[in-house]
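A.B. asks: Have a look; sequence and predicted model below, questions after that.
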Amino acid sequence: MGSPPELAPGFDFDAGAVCLDFANTLAGNRAARPRERLGDYRDLLAWGTAAGCLPPQAAARLARRAAREPARARAELRRARQARERLYGIFSRLAAGEPPGARDLAGFNRDLARALRHLRLQAGGDAGTLVWSWEDEGDLGRPLWPVLRSAGELLASPAAARVRECAAEICSWLFLDRSHAARRRWCDMTTCGNRAKAARHYRRRRPAGS
């Protein structure tokens, strides 16, 4: 576990926001046959690196620390998965036109407070400029911090009204609907959308009573 993580298969980054991409690491239909993409802590590091949330050097340091502290790494993975399900609960309800559940929102606020205490302003590359950065790159909870910040920013923005959940029966993915009419139904037209279109075509052509 001590070497730098490599990207595990099955990650997608098409949801339109880092926090929604993270929610989608549990693929498929959550209520039926979900597929876990974060099987271990190394997968969490790989996802964070691929998402641009975690510098490769920081990921390598965290991999080495996780190798020294496997129990703590497993605990942080559980915490990340729990945070992911709270995010899904919040955004899924928003997509359905409902307010977030009180328990999910309270849990999210606890997660957010834990993350934002590590956020700092520091001097940038140009004279006089300041940039946001994360303090304590060695904390095993580090991969989750940008996800929580992304979620807070999205929830507090008008774009939250454009969060959608895929309408396919076999999919629970979340995405930002940036279409002009704001009527997008599928996470991806080439997959879920085409399957739904094929199913409708089959039902229309099926003989009556069959």
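C.D. replies: Good, I have the coordinates. Numbers count the residues shown, from 1 in each chain.

A.B. asks: what helix or strand is the most centrally placed residue in the chain on?
C.D. replies: The residue lying closest to the centre of the chain (CA atoms, centre = their mean) is residue 22, at 1.2 Å. Per DSSP states H and E: residue 22 is located in helix 18-23.

A.B. asks: got it, and residue 145?
C.D. replies: Using DSSP H and E, residue 145 falls in helix 145-155.

A.B. asks: Please state the offset of that helix from the chain centre?
C.D. replies: 10 Å (CA atoms, centre = their mean, to the nearest Å).

A.B. asks: I'd like to know which elements it is packed against.
C.D. replies: helix 18-23, helix 70-95, helix 102-116 (3 or more CB pairs under 8 Å, 6 or more residues apart in numbering; DSSP states H and E). Where you see a C-beta, it was placed from the backbone N, CA and C, and this is true even at glycine.

A.B. asks: so which of those comes closest to residue 162?
C.D. replies: Smallest distance to residue 162 across the helices and strands packed on helix 145-155 (CB to CB): 9.3 Å, for helix 70-95.

A.B. asks: My read is that the residue nearest to the centre of the chain contacts residue 86, right?
C.D. replies: No. Between residue 22 and residue 86 there is no contact under CB atoms under 8 Å: 11.2 Å.

A.B. asks: Common neighbours of these two, please.
C.D. replies: With contacts defined as CB atoms under 8 Å, 6 or more residues apart in numbering, no residue is shared by residue 22 and residue 86.

A.B. asks: ranking the helices and strands packed on helix 145-155 by burial, who's on top?
C.D. replies: helix 18-23 (a mean of 26; mean count of other CB atoms under 10 Å).

A.B. asks: who's in contact with that one?
C.D. replies: For helix 18-23, using CB under 8 Å, 6+ apart, the contacting residues are 12-15, 47, 51-53, 84, 87-88, 91, 146-148, 150-151, 154, 163, 174-176.

A.B. asks: 6 Å instead?
C.D. replies: Defining contact as CB atoms under 6 Å, 6 or more residues apart in numbering, one finds that helix 18-23 is touched by 13, 15, 51, 84, 87-88, 147, 150-151, 174.

A.B. asks: Among these, which one lies nearest to residue 126?
C.D. replies: Using CB to CB, the contacts of helix 18-23 come closest to residue 126 at residue 150, 24.9 Å.

A.B. asks: For the residue nearest to residue 165 when sequence neighbours are not counted, which residues are in contact?
C.D. replies: Excluding the flanking residues, the one nearest residue 165 by CB to CB, 6 or more residues apart in numbering is residue 95, at 4.3 Å. Under the criterion of CB under 6 Å, 6+ apart, the contact partners of residue 95 comprise 163-165.

A.B. asks: Among the residues you listed, which ones are in helices?
C.D. replies: Taking DSSP state H, every one of those sits outside helices.

A.B. asks: Just the buried ones out of those residues, please.
C.D. replies: For the contacts of residue 95, a neighbour count by 16 or more other CB atoms under 10 Å gives the buried set as 163-165.
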